[in-house]
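*Asks:* Provided below for reference: sequence and predicted model.
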Amino acid sequence: MTASYPALRLRRTRASAWSRRLHAETVLTPADLIWPLFVAEGEGVEQPIASLPGVSRWSVDGIVARGREARDLGIPCIALFPYTQVERRTEDGREALNPDNLMCQAIRALKDAVPEVGVLTDVALDPYTSHGHDGLVDAAGYVVNDTTAEMLVAQALNQANAGADIIAPSDMMDGRIGMIRDALEADAHHNVQIMSYAAKYASAFYGPFRDAVGSRGLLKGDKKTYQMDNANAEEALREVAMDLAEGADTVMVKPGLPYLDIIVRVRQAFEVPVFAYQVSGEYAMIEHAVAAGAAERDVMVLETLMSFKRAGCSGVLTYHAAHAAKLLNG
């Protein structure tokens with residue numbers, strides 16, 4: 001600083017709203033948001049999710065309606081997650097490879113109705129397995145890496161063939177990004193992006209999501225043998241480096257707010273697009289705080305989303321996407 005008080009008064013630029021806008025270092029717009037949606041079977045179906053107040057599962061026609069809403073609000077991309085009926089869940093998760101599964105139906109319907117909205121698809125087996133894990137398990141219940149990765153490649157191709165724009169592996173198997181990238185290239189899906197869940201932590205914040213996809217009561221054990229230990233930061237940088245080297249276009253840190261330090265370090269270390277997932281537990285905490293009268297939804301939603309941008313995120317997956325976009329479009 002070349003001046004001191006009173007010649008320098010840092011409050012001068014904060015004294016009016018126009019000046020605060022002019023001097024804002026970080027900008028949040030609807031174009032920074034990705035809207036996660038849950039797909040259910042049927043037609044005309046909306047199934048509210050009790051642990052995610054304000055969030056529902058939608059049948060494919062409802063997903064299309066949300067796609068049109070996203071387009072009109074300026075939200076550029078939707079992320080899809082299926083609610084697979086128990087009778088379709090198996091030990092090997094083979095429903096993931098069905099070209100007419102819920103995910104593929106929703107992809108095709110969205111690309112037909114609103115082709116200008118991007119479709120991001122989750123690649124992992126937990127919505128399809130009877131044991132609730134992201135991969136295949138051996139006799140001891142351990143999630144095996146290499147055979148799981150082969151299944152994930154087939155799942156990714158199934159989604160790309162249906163029209164997915166971004167393949168987002170959330171499973172945390174070693175080596176799967178390179179295998180998926182090779183398969184996409186070999187199948188002429190040259191412009192299909194990969195957004196890797198590169199630093200996905202074994203977190204207590206995922207509970208409502210498991211309700212949403214129907215895996216909470218099915219999960220046997222925990223996911224600590226493949227998702228990251230929340231004590232580790234250097235390991236996150238190694239995970240990101242591996243996935244970028246294997247062909248990821250963008251990387252994700254998940255959860256969001258408890259891992260802002262990881263977002264900062266990844267952005268500074270690699271200077272690549274970094275996304276955060278404001279996960280179900282984070283969303284639920286805001287909604288329950290609002291319900292208890294402890295917070296005001298609008299300001300809390302925008303403040304938390306701004307924190308991701310300030311930390312270096314290119315964008316945020318958030319269940320508040322539509323609400324935030326309406327506020328930002330205000």
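*Replies:* Yep, that arrived.
*Asks:* now do the buried residues in stretch 247-261.
*Replies:* Neighbour counts using 16 or more other C-beta atoms under 10 Å place 247-260 of stretch 247-261 among the buried residues. Bear in mind the C-beta positions are built from the backbone N, C-alpha and C, glycine included.
*Asks:* and the helices in this protein, which stretches?
*Replies:* Using DSSP state H, the helices of the chain run over 17-22, 60-73, 102-113, 146-162, 176-186, 207-213, 234-246, 260-270, 280-291, 297-311, 321-329.
*Asks:* run through the residues that contact the spatially closest residue to Cys313 that is not a sequence neighbour.
*Replies:* Ranked by C-beta to C-beta, 6 or more residues apart in numbering and with sequence neighbours excluded, the top spatial neighbour of Cys313 is Ala276, at 5.0 Å. Neighbour list for Ala276: 252-256, 259, 263, 308, 311, 313, 316-317 [criterion: C-beta atoms under 8 Å, 6 or more residues apart in numbering].
*Asks:* now, which of those residues sits nearest Arg9?
*Replies:* Proximity of the contacts of Ala276 to Arg9 was ranked by C-beta to C-beta; the top entry is Ala311 with 28.1 Å.
*Asks:* ok, the closest residue to the closest one other than its chain neighbours - how many residues close by?
*Replies:* Nearest non-adjacent residue to Ala311, counting by C-beta to C-beta, 6+ apart: Ile263, 4.3 Å away. Ile263 is flanked by 26 other residues according to other C-beta atoms under 10 Å.
*Asks:* before we move on, what about Ala65?
*Replies:* 15.
*Asks:* contacts for the lowest-mean-pLDDT helix or strand in the chain, please.
*Replies:* Least confident element among the helices and strands of the chain, by mean pLDDT, DSSP states H and E: helix 207-213 (a mean of 92). Residues from elsewhere that reach helix 207-213 (C-beta under 8 Å, 6+ apart): 38, 49-52, 55, 57, 81-84, 126-127, 132, 216, 219, 279-281, 283-284.
*Asks:* make a PyMOL selection of the buried ones in these.
*Replies:* Command for PyMOL that selects the buried part of these, burial taken from 16+ other C-beta under 10 Å:
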select buried, resi 38+49+51+52+55+57+81+82+83+84+126+127+132+279+280+281+283+284
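*Asks:* and the contacts of helix 207-213, which of them are in strands?
*Replies:* Among the contacts of helix 207-213, DSSP state E puts 38, 57, 81-82 in strands.
*Asks:* and of those, the nearest to Val299?
*Replies:* Among the ones in strands among the contacts of helix 207-213, and counting by C-beta to C-beta, the member closest to Val299 is Phe38, at 26.8 Å.
*Asks:* list the contacts of the closest residue to Ile180 other than its chain neighbours.
*Replies:* Leaving aside its sequence neighbours, Ile180 sits nearest to Ala156 (C-beta to C-beta, 6+ apart; 4.7 Å). Going by C-beta under 8 Å, 6+ apart, Ala156 touches 123, 167, 169, 180, 183-184.
*Asks:* for Ala156, give its distance to Glu185.
*Replies:* 12 Å (C-beta to C-beta, to the nearest Å).
*Asks:* what's the local residue count around the nearest residue to Trp58 once chain neighbours are set aside?
*Replies:* Spatial nearest neighbour of Trp58, excluding adjacent residues (C-beta to C-beta, 6+ apart): Glu46 at 5.9 Å. Using other C-beta under 10 Å, Glu46 has 12 neighbouring residues.
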